[in-house]
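K.L.:
attaching a predicted model along with its sequence, questions to come.
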Amino acid sequence: MSSRPRGAAEPAGQRELLSAGDVARTIARMAHQVIEKTALGAGPPEKHPVLLGIPTRGTPLAARLAARIGEFAGAEPPHGALDITLYRDDLRRRPPRALEQTQLPAAGIDDRVVILVDDVLFSGRTIGAALDALRDHGRPRAVQLAVLVDRGHRELPIRADYVGKNVPTARAEGVSVLLSETDGRDAVLLRAPEGETR
Amino acid sequence: MKHLLATDGLDAATATAVLDTADELKHTLLGREVKKLPTLRGRTVITLFYENSTRTRVSFEIAGKWMSADVINVSASSSSVNKGESLRDTALTLAAAGADCMIVRHPASGAAHRLSGWLAEAGTSVVNAGDGTHEHPTQALLDAATLRERLGSLQDRRIAIVGDVLHSRVARSNIHLLTTLGAEVVLVAPPTLLPVGVDKLPVTVSHDLDAELPAVDAVMMLRVQAERMTGGGPGQSFFPSAREYSISYGLSERRQALLPEHAVVLHPGPMLRGMEIAHAVADSPASAVTEQVRNGVHVRMAVLYHLLASEGAAA
């Protein structure tokens, strides 16, 4: 994890939106919201929600969220990963990408509340694909969505149930979520549009 | 990747990407009720078979259907080929009718390669599903997938390919792919069933199966392709008799006992039980024959994914 102070100099054209400490606090807050909304801890373990991260960064986020929920509620909900590559509607436009792992809890997702976890909510197409993928894996009782950053610009009627931080962005800007598991440190960065620095 | 014509020249990174994709697909589909992915919806795949085949054609058909492609089977015996149409005209017709991918099996070596040239303008991908005695790349990929599953990795593994190497496109594809992936290959065959130029292949050659077995991690039995043994004159004399072949090169129970405990037995099928391989060996836990067939579907799904998932991918 990074020990750099908030607002420390980032490479040209990038601005830090969340520091490592902010990311940790945000995940803790989202964990509390999940406990409250799903009444977790009240029901038997087989009724606990299932957290499914969307690779790449949704997977460690789901694991962290589950661990925090475990700390606060005394029972860690099952978590896994759901790769949506094969369900994307833009496959034809991109070079083929390697598939990521899908790992569902052994008990499956039938009649469970499934919480999809992703790092950034943008057009909503990834979540649309995830809903298609879920339908092929079983029939959840309900599906909710948790994202660390909601940056707007939806192209589908999709809304998150748990949002770490709302970040109004311009379409040409970029949002990068960095996690220690995949990137060596925790941070959320805003990138200026290509060719512009500020 | 635009076409899959041969494993000769297929680099390790591409081959590994296909095998990894197949692994993930297998994992994804395991225990699912709905074995159907929307990935290739709206794509048309045509299998064009000039030779009889059950397992390869069905395997490709299932692979295409599980990826939601529209799969159409054309066999030479029931098509205009019977009226004398050339391969080129048949292929151009099918491409004009809207094929995104053509999976071709043909008795002439090099047919798939020629086809890919004729179809360049139409932009149709070509998969070689066996051309004469040249190559059968998806069979080699599914063999590699099965070996990876059983042995963990192919790096520095020693694999014996046994039998009719001369007529075997499976052997040729496997020699290239297995060595690319880091394995050592030893060919065990009678001198009459080895191809000319075998000394230029990256393999060692042996005529003594008993001597090789204790040191191998896998043994790949080949089918004796009697239908291709047309050059041997009246006696078709590639070997004296089926019985003698069996004694020298068949995988009997006695021979299986010489193998290390972890060794895997493969056969591309159809098996000539009792001649190439003993019943008990074919049905033993060391035999991965049915796994090969199962992996075949996932490997072919992976190949179709890499060829067809993206429209603009470079050749």
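P.N.:
Cool, the structure landed.
K.L.:
show me where chain A has strands.
P.N.:
For chain A, applying DSSP state E gives strands covering A:14-18, A:50-53, A:79-81, A:113-121, A:142-150, A:162-166, A:174-178, A:187-191.
K.L.:
between those strands, which one is closest to chain B.
P.N.:
Set against chain B and scored by C-beta to the nearest C-beta, the strands of chain A come closest in strand A:79-81, at 10.9 Å. C-betas here are computed from N, CA, C, even on glycine.
K.L.:
by contact count, what packs against that closest one?
P.N.:
Other helices and strands packing on strand A:79-81, by 3 or more C-beta pairs under 8 Å, 6 or more residues apart in numbering or on different chains; DSSP states H and E, are strand A:50-53, helix A:58-73.
K.L.:
tell me the contacts of the residue of the stretch 51-200 of chain B found nearest chain A?
P.N.:
For the stretch 51-200 of chain B and chain A, the shortest gap (C-beta to the nearest C-beta) falls at B:M67, measuring 7.9 Å. With contact taken as C-beta atoms under 8 Å, 6 or more residues apart in numbering or on different chains, B:M67 is in contact with A:L86, B:L37, B:T39, B:L40, B:M301, B:L304, B:Y305.
K.L.:
what about the fourth one, distance to B:Y245?
P.N.:
From B:L40 over to B:Y245 the distance is 43 Å, taken as C-beta to C-beta, to the nearest Å.
K.L.:
comparing these two, which residue is more hemmed in?
P.N.:
Set side by side, B:L40 and B:Y245 give different neighbour counts by other C-beta atoms under 10 Å in any protein chain shown, the larger being at B:L40 (28 against 20).
K.L.:
please name the residues that touch the more buried one.
P.N.:
Residues counted as contacts of B:L40 (C-beta under 8 Å, 6+ apart) are B:G64, B:M67, B:S68, B:A69, B:L304, B:Y305, B:L308, B:A309.
K.L.:
considering those, which is situated nearest to A:L18?
P.N.:
Using C-beta to C-beta, the shortest approach to A:L18 within the contacts of B:L40 belongs to B:A309, at 34.2 Å.
K.L.:
run a quick neighbour tally on that closest one.
P.N.:
22.
K.L.:
before we move on, the earlier item: as JSON lines, the contacts of B:L40 with secondary structure would be great.
P.N.:
Shown next, in JSON lines, are the contacts of B:L40 (DSSP: H, G, I helix; E, B strand; the rest coil):
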{"residue": "B:G64", "secondary structure": "helix"}
{"residue": "B:M67", "secondary structure": "coil"}
{"residue": "B:S68", "secondary structure": "coil"}
{"residue": "B:A69", "secondary structure": "coil"}
{"residue": "B:L304", "secondary structure": "helix"}
{"residue": "B:Y305", "secondary structure": "helix"}
{"residue": "B:L308", "secondary structure": "helix"}
{"residue": "B:A309", "secondary structure": "coil"}
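K.L.:
closest to B:V170 out of the residues you listed?
P.N.:
Distances from those to B:V170 were compared by C-beta to C-beta; the smallest belongs to B:L304, at 20.2 Å.
K.L.:
which residues touch the closest one?
P.N.:
B:L40, B:V45, B:A63, B:G64, B:M67, B:A69, B:C101, B:V127.
K.L.:
any chance of the residues you listed in JSON lines, plus pLDDT and distance to A:A39?
P.N.:
Below are the contacts of B:L304 laid out as JSON lines (pLDDT from 0 to 100; distance: C-beta to C-beta, whole Å):
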{"residue": "B:L40", "pLDDT": "94", "distance to A:A39": "42"}
{"residue": "B:V45", "pLDDT": "97", "distance to A:A39": "49"}
{"residue": "B:A63", "pLDDT": "97", "distance to A:A39": "44"}
{"residue": "B:G64", "pLDDT": "97", "distance to A:A39": "46"}
{"residue": "B:M67", "pLDDT": "95", "distance to A:A39": "40"}
{"residue": "B:A69", "pLDDT": "97", "distance to A:A39": "44"}
{"residue": "B:C101", "pLDDT": "97", "distance to A:A39": "51"}
{"residue": "B:V127", "pLDDT": "98", "distance to A:A39": "53"}
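K.L.:
so where's the chain uncertain?
P.N.:
Chain wasn't specified; assuming chain A. In the predicted model, chain A carries pLDDT under 70 at residues A:1-10, A:41-42, A:194-198.
K.L.:
can you look at chain B instead?
P.N.:
When the per-residue scores of chain B are filtered using pLDDT under 70, the ranges that remain are B:231-236, B:311-315.
K.L.:
which parts of stretch B:139-159 are buried?
P.N.:
Burial within stretch B:139-159, assessed by neighbour count using 16 or more other C-beta atoms under 10 Å in any protein chain shown, is assigned to B:139-151, B:154, B:157-159.
K.L.:
and it, how far from the chain's centre?
P.N.:
Using C-alpha atoms, centre = their mean, to the nearest Å, the distance from the centre of stretch B:139-159 to the centre of the chain it belongs to is 13 Å.
K.L.:
for that stretch, list the C-alpha coordinates in CSV.
P.N.:
Once side chains and other backbone atoms are set aside, the C-alpha atoms of stretch B:139-159 remain, and they are given as CSV (Å, rounded to 0.1, in the frame of the first residue of the first chain):
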residue,chain,number,x,y,z
GLN,B,139,-6.2,-32.8,-32.7
ALA,B,140,-2.7,-31.8,-31.6
LEU,B,141,-4.1,-28.9,-29.5
LEU,B,142,-6.6,-31.2,-27.8
ASP,B,143,-3.8,-33.8,-27.2
ALA,B,144,-1.7,-31.0,-25.7
ALA,B,145,-4.7,-29.8,-23.5
THR,B,146,-5.2,-33.4,-22.2
LEU,B,147,-1.5,-33.8,-21.5
ARG,B,148,-1.3,-30.5,-19.7
GLU,B,149,-4.2,-31.5,-17.6
ARG,B,150,-2.7,-34.8,-16.6
LEU,B,151,1.0,-33.8,-16.4
GLY,B,152,0.7,-30.2,-15.4
SER,B,153,3.1,-28.9,-18.0
LEU,B,154,4.7,-30.1,-21.2
GLN,B,155,8.1,-28.5,-20.5
ASP,B,156,10.8,-31.2,-20.7
ARG,B,157,8.2,-34.0,-20.8
ARG,B,158,9.1,-37.0,-23.0
ILE,B,159,6.4,-38.2,-25.3
